[in-house]
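Sequence first, then the predicted structure, then my questions.
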Amino acid sequence: MNNRLITKPINVSRRAIFRIEKWLYRAGVLKTERLTFPDFLCIGSQKAGTTWLYENLRCHPGLFLPDRKELNYFSSKYRFYGLPLSAYSDYFKNTHGVKGEVTPCANLPLRRIRFIKNIMPDLKLILIIRNPIDRMWASALMYLVRAQKKRFEDISDSDFYQLFQNQDLFSRGEYDRILRNWRGVFPSEQLHICFYHDLLNDPKRFLKDIFHFLNISEPIDWSNFPIQDTFNKSPEYALPSHLRAYLEGMYKQSIEEFKEEFPEIVKYWIN
């Protein structure tokens, strides 16, 4: 199993080399025939059950997922420009079954989405959508309470406001833009859109729909699937009304655009 994915910056010369490599793949000068890629990718959303999905999918005998969740090859500039494409491919070579991975990267820039389509034209995509306000709040608690080990009572409103303004975190809940970008590159039939509240309400049905999308059979024995378990749970604190109002203002336009296609979903969020 390849363990070469990195988290720290690499030197400028190596980065330049692999920038050139990516350009050669885009131009068709380098070919991908000898590389092995996943058949599907769960692109998120963050804090919307992706760890639960990963743990359940890897229990299916007809599926292969790497031992580590979130390879982050396409979403990390240090990995994307710091390693050759073969480093990503190594995770999937010499494997059997339908191959996939789970990395919440729905907010990738268009140029990166186009690159993915260029090298994996038949890739299937799974997007789990959660109320963007609840999703942002869960992310905030994950970063400020769990990661930074702060007591909730010691976190000021300004700490939350500052984190809410983080463009990367905010864009993870801009579902109108996310869908527009991915659908603008991949055919709609290659994108499976599902909803976090359906996972909570009927996890087995949620998983069955994904198996159907991936064209794999349902398991005969469900006892090995941790469908009732909870993974990577954020600390639980109620979202104060004034912070909710702030997030509602931030996401107002995005939710209005999303509502045009999914009015019942937005109605469910509001109620």
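Arrived safely, thanks for sending. Numbers count the residues shown, from 1 in each chain.

which ones are touching Gly173?
The contact partners of Gly173, by Cβ atoms under 8 Å, 6 or more residues apart in numbering, come to Ser45, Pro132, Ile133, Arg135, Met136, Tyr251, Ser254. Yep, even glycine has a C-beta here, placed from its N, CA and C like the rest.

Most neighbours among these, which one?
Met136 (26 neighbours; other Cβ atoms under 10 Å).

what pLDDT does that residue get?
On the pLDDT scale, Met136 is placed at 97.

and the next element down the chain from the strand or helix carrying it?
Assigned by DSSP states H and E, Met136 belongs to helix 132-141. Downstream of helix 132-141, the next assigned helix or strand under DSSP H and E is helix 157-164.

Please tell me how far the helix holding Met136 is from the chain's geometric centre.
In this view, helix 132-141 has its centroid 15 Å away from the chain centroid, taken as Cα atoms, centre = their mean, to the nearest Å.

quick one: buried residues of stretch 244-260?
Neighbour counts over stretch 244-260 (16 or more other Cβ atoms under 10 Å) mark Tyr246, Leu247, Met250, Tyr251, Ser254, Ile255, Phe258, Lys259 as buried.

which residue packs closest to the second one, ignoring adjacent ones?
If the residues on either side of it in the chain are set aside, Leu247 comes closest to Ile133, at 4.6 Å by Cβ to Cβ, 6 or more residues apart in numbering.

how far away is the one you found from Ser234?
Going from Ile133 to Ser234 by Cβ to Cβ, to the nearest Å gives 14 Å.

which residues touch Pro240?
Shown in contact with Pro240 (Cβ under 8 Å, 6+ apart): no residues.

thinking again about what came up before, who touches the helix holding Met136?
Under the contact criterion Cβ under 8 Å, 6+ apart, helix 132-141 has outside partners 45-48, 152, 160, 163-164, 169-170, 172-175, 196, 234-237, 239, 243-244, 247-248, 251, 254-255, 269.

got the angle between it and helix 157-164?
Going by axes from the mean of the first three to the mean of the last three Cα atoms, to 10 degrees, helix 132-141 is angled at 110 degrees with respect to helix 157-164.

So what does the residue nearest the centre of the chain look like in phi/psi?
Most central in the chain under Cα atoms, centre = their mean is Pro104, positioned 1.7 Å from the mean C-alpha point. In terms of degrees, to the nearest 10, the main-chain angles of Pro104 are phi -60, psi 100.

who's in contact with the residue lying closest to it once chain neighbours are set aside?
Leaving aside its sequence neighbours, Pro104 sits nearest to Gly44 (Cβ to Cβ, 6+ apart; 3.4 Å). Taking Cβ under 8 Å, 6+ apart, we find Gly44 in contact with Thr50, Thr103, Pro104, Cys105, Ala106, Asn107, Leu127, Ile128, Arg172.
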